[in-house]
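S.K.: Could you look at this predicted model? Sequence included:
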Amino acid sequence: MTSEHTLGDEALLNLLTTNDTNVIDELHSTARKVTDRWHGRIVKTRGLIEISNYCHNNCYYCGIRAGNANVQRYRLTHDEIMQCSLAGATLGFNTFVLQGGEDLQHSTEWVERVVADIRSAHPTAAITLSLGERTKDDYKRWYDAGANRYLLRHETANPKHYAKLHPKQMSWQRRIDCLHALKDIGYETGTGIMVGSPFQTINDIILDLRLMERFRPEMIGIGPYVSHHDTPFADKPNGSVELTLRLISILRLMHPQANIPATTSLGTLATDGRLLGVEAGANVVMPNLSPLNVRKAYSLYDGKICTDLEAAESRRLLAQQFAEKGYELD
Ligand code: SAH
């Protein structure tokens with residue numbers, strides 16, 4: 001322990017690299033105890049609506065990058081999004097996450113109207129946006145229309161690493177500026193990384209932990225990198241489930257109150273991945289509410305789970321899986 005940090009760099013390095021299973025087990029069980037204390041045995045659910053897979057960016061890791069000509073592009077209409085949120089509310093969801101590629105057709109006004117209409121249809125719901133980098137003015141207008149939260153992973157705290165994951169038109173500084181703009185406006189802000197993204201080093205991960213320690217995000221999204229066959233990184237190995245679980249535990253200890261999801265990519269690389277995530281200290285899951293006919297087209301990476309299950313069915317299966325270990329879906 002140092003006065004500046006919850007854990008010194010050396011302690012972090014040790015936790016991230018040790019092979020001592022006792023240490024790892026203790027890390028997970030301590031993180032779970034902290035989660036129990038702050039969040040109970042409740043796993044919160046967020047209904048994910050993937051509103052468009054058009055994207056003008058070309059992130060080297062992402063399956064819906066502009067340069068992938070093999071994607072069948074879709075864009076949900078205003079009415080389809082309203083129907084998804086209504087169906088979600090009927091199933092008991094009280095948070096809607098609208099995620100998409102950076103779709104140039106999504107004007108400020110169009111998103112503003114969607115947010116305002118969800119807000120009036122579901123006055124008590126939380127509305128989370130995850131639509132990438134926009135101007136501060138856009139973020140403010142959407143906030144004023146009723147959005148409360150924004151997810152924008154910083155992807156890496158190391159600008160040099162950022163430049164290996166993204167084409168040169170994309171800027172690490174711009175992404176960080178967006179995160180600060182979101183926080184200034186008053187959004188609950190979520191950041192995070194892909195664990196095992198190509199060229200990531202353990203030192204980069206320590207920088208990520210420090211960045212998050214300073215930024216104090218309300219939400220932290222971390223999942224393993226999973227390769228997609230139609231990207232420049234097609235032959236890069238997937239990230240490690242084990243390291244992801246360790247990071248979930250470390251982040252839980254550093255941010256006891258944060259909402260940390262057990263992500264779909266974790267569930268993609270291990271059958272019971274999301275449950276393992278919860279056992280390591282995650283307290284959120286994000287079942288998919290997107291219409292079934294577009295789910296496969298929103299493929300950020302290969303093998304994504306839950307592309308063919310109705311939201312109700314996947315919620316029921318998750319609830320059952322969690323109940324066996326004593327967790328309850330909210
Ligand atoms: N356009 C939005 C949403 C991006 S998708 C934005 O820029 O924020 C949400 C997250 O999925 C990304 O931030 C990235 O961390 C993750 N992701 C993308 N490709 C992935 C892959 N191949 N494996 C694992 N996660 C991936």
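M.R.: Now that the structure is in, tell me what you want to look at.

S.K.: Contacts for the helix-or-strand element of the chain with minimal mean pLDDT, please.
M.R.: Ranked by mean pLDDT, DSSP states H and E, the helix or strand of the chain with the weakest confidence is helix 311-323, at a mean of 92. Helix 311-323 is contacted from outside by 43, 45, 47, 87-88, 91-92, 272, 274-275, 278, 285, 287-289, 306, 309, 328-329, using Cβ atoms under 8 Å, 6 or more residues apart in numbering. (C-beta placed from N, C-alpha, C; glycine too.)

S.K.: Enumerate the positions of it that are buried.
M.R.: Ala311, Ser314, Arg315, Leu318, Ala319, Gln321, Phe322 (16 or more other Cβ atoms under 10 Å).

S.K.: coming back round to it: among the contacts of helix 311-323, name the ones in strands.
M.R.: Per DSSP state E, strands hold the following members of the contacts of helix 311-323: Val43, Thr45, Gly47, Val285, Glu328, Leu329.

S.K.: which residue packs closest to Asp205, ignoring adjacent ones?
M.R.: Asp isn't right for residue 205; it's Ile. Nearest residue to Ile205 in three dimensions, chain neighbours excluded: Leu16, at 6.4 Å (Cβ to Cβ, 6 or more residues apart in numbering).

S.K.: do you know how far the one you found is from Lys325?
M.R.: Applying Cβ to Cβ, to the nearest Å, the value for Leu16 to Lys325 is 26 Å.

S.K.: And these two? Which one has more around it.
M.R.: Leu16 (16 against 11; other Cβ atoms under 10 Å).

S.K.: Helix or strand for that one, just tell me which one.
M.R.: Following DSSP states H and E, one finds Leu16 within helix 9-17.

S.K.: Name the next helix or strand downstream of that helix, please.
M.R.: Downstream of helix 9-17, the next assigned helix or strand under DSSP H and E is helix 21-39.

S.K.: one step back: the helix holding Leu16 packs against which elements?
M.R.: Judged by 3 or more Cβ pairs under 8 Å, 6 or more residues apart in numbering; DSSP states H and E, helix 9-17 is in contact with helix 21-39, helix 202-215, helix 241-254.

S.K.: How about the second one and the ligand, touching?
M.R.: No: for helix 202-215, no contact with the ligand is found by Cβ under 6 Å from any ligand atom; the gap never falls below 11.8 Å.
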